[in-house]
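**Student:** Please work out how this folds:
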Amino acid sequence: MTAAPAFRMPDPLLQVRGLTHRYGPHIGCRDVSFDLYPGEVLGIVGESGSGKTTLLKCVSGQMEPTEGSVEYETRDAGLIDLFRMSEARRRLLMRTDWGIVYQNPRDGLRMRVSAGANVGERLMAIGDRHYGHIRSEAVDWLERVEMDIGRIDDMPHTFSGGMQQRLQIARNLVTKPRLVFMDEPTSGLDVSVQARLLDLVRGLVRTLGIACVIVTHDLGVVRLLSHRLMVMKGGNVVESGLTDQVLDDPQHPYTQLLVSSILPV
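**Tutor:** Modelled structure (predicted):
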């Protein structure tokens with residue numbers, strides 16, 4: 001009888017090693033290492049000033065670290081250090097195979113072009129030049145994020161904050177990226193709007209099999225969305241593990257305080 005083949009873990013999509021960023025004498029983040037696998041959602045939490053946003057900016061190519069490496073499993077050339085790529089290649093990667101959802105949706109949208117054009121631009125970045133197909137995909141994605149397709153030609157400033165965030169998500173996901181970074185994606189929204197947006201994000205991430213790194217101060221967000229969790233304080237990762245395990249049985253005193261909502265976030 002032939003033995004069943006051994007299960008093989010997929011290769012990491014993202015490998016971060018010894019990542020450190022200094023602002024002069026001040027440490028933004030220190031010696032952070034982790035792997036992220038295809039389809040996995042990693043949450044990063046901590047109080048204001050903990051280093052989580054600095055870490056996200058370094059990992060997503062928006063800011064070069066002082067030390068350490070960020071390696072990404074590219075589709076065509078395997079594992080490549082993000083900061084050894086040419087600037088042109090890194091920018092292309094960020095427009096196609098990656099998505100970045102900003103806390104303020106205005107930072108991730110083109111405010112002077114229509115909702116449909118915001119989505120269509122990303123398709124053009126990967127070479128689509130057929131207007132009919134671009135328009136059709138824009139309609140499809142506005143429907144996926146539960147926006148009124150009758151407003152496809154409206155300008156982003158005419159939408160509410162929650163709708164702008166939905167549009168930003170559609171703009172990022174239309175190219176079917178393998179990795180998405182989210183920086184406080186529900187911050188500033190009403191509670192009811194947050195809940196609907198989180199349900200939407202969870203469904204899309206699961207359906208599309210997207211790997212995701214989410215930075216947030218909201219433990220409810222990471223409880224709902226993330227598989228694994230890293231807790232940061234003073235630029236250091238003080239605890240990490242499976243999300244439910246960390247939140248239900250925190251080991252580090254800081255995490256215990258954070259879970260108990262004693263610390264300001």
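
**Student:** which stretch of helix or strand covers the residue lying closest to I152 once chain neighbours are set aside?
**Tutor:** Excluding the flanking residues, the one nearest I152 by CB to CB, 6 or more residues apart in numbering is G116, at 4.1 Å. No exception for glycine: its C-beta is placed from N, CA and C like everyone else's. G116 belongs to helix 115-125 when assigned by DSSP states H and E.

**Student:** Go ahead and name everything in contact with that helix.
**Tutor:** Applying CB atoms under 8 Å, 6 or more residues apart in numbering, the contact partners of helix 115-125 are 92, 95-96, 109-110, 113, 133-135, 137-139, 141-142, 147, 151-156, 159, 167, 170-172, 174-175.

**Student:** Just the buried residues of the helix or strand just after it, please?
**Tutor:** Beyond helix 115-125 on the C-terminal side, the first helix or strand identified by DSSP H and E is helix 131-144. Buried residues in helix 131-144, defined by neighbour count with 16 or more other CB atoms under 10 Å: 134-135, 137-138, 141-142, 144.

**Student:** Could I get the full set of helices for the stretch 51-200 of the chain?
**Tutor:** If DSSP state H, counting those that start in this stretch is used as the criterion, the helices of the stretch 51-200 of the chain fall at 52-59, 87-96, 115-125, 131-144, 161-173, 191-208.

**Student:** do you know which of those helices lies nearest D31?
**Tutor:** Proximity of those to D31 was assessed by CB to CB; the nearest stretch is helix 52-59, lying at 11.1 Å.

**Student:** Show me how far the closest one is from its chain's centre.
**Tutor:** In terms of CA atoms, centre = their mean, to the nearest Å, the centre of helix 52-59 is found 11 Å from the chain centre.

**Student:** Equivalent analysis for stretch 209-228, please.
**Tutor:** On CA atoms, centre = their mean, the centre of stretch 209-228 falls 9 Å from the chain's centre.

**Student:** got the buried residues for it?
**Tutor:** In stretch 209-228, counting by 16+ other CB under 10 Å, buried: 210-219, 221-222, 224-228.

**Student:** Show only the entries of these found in helices.
**Tutor:** When DSSP state H is applied, the buried residues of stretch 209-228 are split such that 219, 221-222, 224-225 fall in helices.

**Student:** Mind picking the two most distant members of those?
**Tutor:** L219 and L225 (11.1 Å).

**Student:** ok, back up a step: nearest to L258, out of the helices of the stretch 51-200 of the chain?
**Tutor:** Comparing the helices of the stretch 51-200 of the chain by CB to CB, helix 52-59 comes nearest, at 11.9 Å.

**Student:** gap between V231 and L93?
**Tutor:** Look at V231 and L93: by CB to CB, to the nearest Å, they are 29 Å apart.

**Student:** So for those two, which sits in the more crowded spot?
**Tutor:** V231 (28 against 19; other CB atoms under 10 Å).

**Student:** So what touches stretch 213-223?
**Tutor:** 14, 36, 41-48, 52-53, 55-56, 59-60, 179-187, 198, 225-226, 229, 243-244, 247, 258-259, 265.

**Student:** cool, and stretch 28-39?
**Tutor:** Contacts of stretch 28-39 (CB under 8 Å, 6+ apart): 9-10, 12-22, 42, 51, 54-55, 58, 68, 178-179, 209-211, 213, 230, 232, 235-237, 240.

**Student:** Among the contacts of helix 115-125, name the buried ones.
**Tutor:** The neighbour count (16+ other CB under 10 Å) marks 95-96, 109, 134-135, 137-138, 141-142, 147, 151-152, 154-156, 159, 167, 170-172, 174-175 as buried among the contacts of helix 115-125.
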